[in-house]
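Visitor: no sequence for this one, just the structure:
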């Protein structure tokens, strides 16, 4: 890479708040080294918007997921050129889910960095990700990770960095797919681009409808299952309440028997105490009678 490429690659991977200071220091170093032209080109590098910054870091931290989206765009264009309606619907649904997942990742990563990605910025992220599935130039811009603003869904008029060469196309399978798609478009220019966009929109709408219907079916199935569970819980509650009622009745009967037993025990205790007192009185009388019949010497008396 050129020196400018190296500086730009570093700058567009930095936290948003560090961009300007690091850029100015790099420009100052270049100027001090006598590279005035390079210093001017560095100084004119623009700070990315919030959405572009989130996309740049998304491409750097989740390259495999972004490459998978680019490959999915190639498959979509192939299905579109082949008028493969079922394939378009299935691929459009996959693109819808993948873009939603990647947008969620971008928002989560931004929050982890202490940055907020609002609704408007998230829509720009979605727009750029969708653009990367429409044209290979947009795909290259996204995967290079040096965007300065969100991309349009149309594959022309992409924003570039001042003084930098165009970013290289994505590598690997994404490059091969993108090149093949580009060649196909050149060979089939007789197909109006407006019609292609219309077909893609229709396919995406149908795919979104199918996804919504699937979600509705799943939600209705869940409602039925939960309704059945609720009925089972109601029956369990009724059985448990009946058991509680029976246990309550048994407890009341036991408490009544306990109270009766305590009353009987108290009555027996009183009768015993009364008998004990009579026994003591009888013993005293017996002792007195014995002393009365005894002589002076303790022997029984008599005439």
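Guide: Received, thanks. All of these numbers come straight from a predicted model, not from anything done at the bench.

Visitor: Only C-alpha atoms from now on, for both contacts and neighbour counts.
Guide: OK.

Visitor: shaky segments in this structure?
Guide: By pLDDT under 70, the low-scoring segments of the chain are 1-2, 153-228, 231, 234, 237, 295-303.

Visitor: let's see it at 80
Guide: 1-3, 153-235, 237-240, 243-248, 250-251, 294-303 (pLDDT under 80).

Visitor: And the helices in it?
Guide: In the chain, the helices defined using DSSP state H lie at 3-11, 19-32, 36-43, 50-61, 63-81, 85-112, 119-132, 136-144, 173-187, 193-293.

Visitor: mind giving me CSV with these and columns for distance to residue 151?
Guide: Shown next, in CSV, are the helices of the chain (distance: least, CA to CA, whole Å):
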stretch, distance to residue 151
helix 3-11, 19
helix 19-32, 21
helix 36-43, 22
helix 50-61, 9
helix 63-81, 14
helix 85-112, 14
helix 119-132, 5
helix 136-144, 7
helix 173-187, 17
helix 193-293, 16
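
Visitor: Out of those helices, flag the one nearest residue 152.
Guide: helix 119-132 (6.0 Å; CA to CA).

Visitor: what comes up buried for that closest one?
Guide: Using 16 or more other CA atoms under 10 Å as the test for burial, helix 119-132 gives 121-122, 124-132.

Visitor: who's in contact with the residue most central in space within the chain?
Guide: Geometric centre of the chain, nearest residue: residue 104, 9.6 Å, by CA atoms, centre = their mean. Under the criterion of CA atoms under 8 Å, 6 or more residues apart in numbering, residue 104 has no neighbours.

Visitor: ok, back up a step: ok, so of the buried residues of helix 119-132, who is nearest residue 284?
Guide: For the buried residues of helix 119-132, the nearest to residue 284 is residue 122 (108.5 Å; CA to CA).

Visitor: my guess is that closest one meets residue 102, correct?
Guide: No - judged on CA atoms under 8 Å, residue 122 makes no contact with residue 102 at a distance of 10.2 Å.
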